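Colleague: Have a look at this prediction, sequence included:
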Amino acid sequence: MRAHFSALRKQLSAEEAERNSLLICKEILDFILKLEEVQVVLMFYPIKSEPDVLPLFEKLRSIGIRVAFPISHVEDTRLEFKEISDISELTEGAYGIKEPPSTADTVTDFSRCVCIVPALAFDRHGMRIGYGKGYYDRFLKSFDGASVGVAFSQFVVDSLPCEDTDFPIDIIITEGETIIP
């Protein structure tokens, strides 16, 4: 399934991906603003043609919401989110993904937090297929904020196979719909 969705993602034109990413960003921002009490948004740096959520960074900061990105700890497949004030602080880390500096402030209180979650694909039950390491599943099991999966609409299917270690997300946002599993 990973190979199927990876191949499908490569078929997206850059223009379509950019247009749909901006629509997804608008929907995420609308969702966050409805929650009113959000203090921190956990973002991801897009890779492999994932929706580009980076345009949200400046918008969130301009309205007083703090933003953090993950550091992938390869030794124990754990995510640690570090707050940054400028995108330029991100540098290449594990797996070639841009990460914040290890010296940045760590986010530890997730009670008023939204975590934007990437995936290769989601299903309408909130399950996801990632890249196979389980970083987000492990993180989400103890996360007490709202988890928001983002994907282009063709990467949301009716059902995906899942394992006991998989953890569902709370809401899925595409360029065309918001899905509450």
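Modeller: Nice, thanks for sending it over. If you're wondering where the values come from, they're calculated on a predicted model, not measured in any experiment. Numbers count the residues shown, from 1 in each chain.
Colleague: all strands for the chain, in order.
Modeller: For the chain, strands defined by DSSP state E occupy the ranges 40-42, 66-73, 78-84, 91-92, 98-99, 113-117, 121-123, 128-129, 146-150, 156-157, 171-173, 178-179.
Colleague: Return the helix or strand in this structure with minimum mean pLDDT.
Modeller: The weakest-scoring helix or strand in the chain, judged by mean pLDDT, DSSP states H and E, is helix 2-10 (a mean of 85).
Colleague: Now do it: everything it contacts.
Modeller: The contact list for helix 2-10 (Cβ atoms under 8 Å, 6 or more residues apart in numbering) reads 48, 49, 120, 121, 129, 131, 132, 152, 154, 155. (C-beta placed from N, C-alpha, C; glycine too.)
Colleague: Buried ones only from these, please, as a ChimeraX command.
Modeller: Of those, the buried ones can be selected in ChimeraX as follows, counting by 16 or more other Cβ atoms under 10 Å:
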select :49,120,121,129,152,154,155
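Colleague: and the nearest residue in space to residue 22 that is not next to it in sequence, what does it touch?
Modeller: Excluding the flanking residues, the one nearest residue 22 by Cβ to Cβ, 6 or more residues apart in numbering is residue 55, at 6.5 Å. Counting by Cβ under 8 Å, 6+ apart, residue 55 touches 21, 22, 25.
Colleague: Okay, and the beta partners of the residue lying closest to residue 160 once chain neighbours are set aside?
Modeller: Using Cβ to Cβ, 6+ apart and skipping the chain neighbours, the partner closest in space to residue 160 is residue 123 (4.2 Å). On the basis of DSSP bridges, residue 123 is bridged to residue 157.
Colleague: Residue 123 - how many residues pack around it?
Modeller: Using other Cβ atoms under 10 Å, residue 123 is surrounded by 21 other residues.
Colleague: what residues are up against it?
Modeller: Here residue 123 is in contact with 156, 157, 158, 159, 160 (Cβ under 8 Å, 6+ apart).
Colleague: pretty sure the fourth one is in contact with residue 125, am I right?
Modeller: Yes: with contacts defined as Cβ atoms under 8 Å, residue 159 counts as touching residue 125 at a distance of 6.9 Å.
Colleague: re earlier: could you measure from the residue nearest to residue 22 over to residue 141?
Modeller: Look at residue 55 and residue 141: by Cβ to Cβ, to the nearest Å, they are 29 Å apart.
Colleague: Leaving out sequence neighbours, find the closest residue to the most centrally placed residue in the chain.
Modeller: Note on the chain: the residue nearest the mean C-alpha position is residue 117, at 2.5 Å, using Cα atoms, centre = their mean. Using Cβ to Cβ, 6+ apart and skipping the chain neighbours, the partner closest in space to residue 117 is residue 149 (4.8 Å).
Colleague: check contacts around that neighbour.
Modeller: Contacts for residue 149 (Cβ under 8 Å, 6+ apart) come out as 117, 118, 119, 122, 126, 128, 169, 171, 172, 173.
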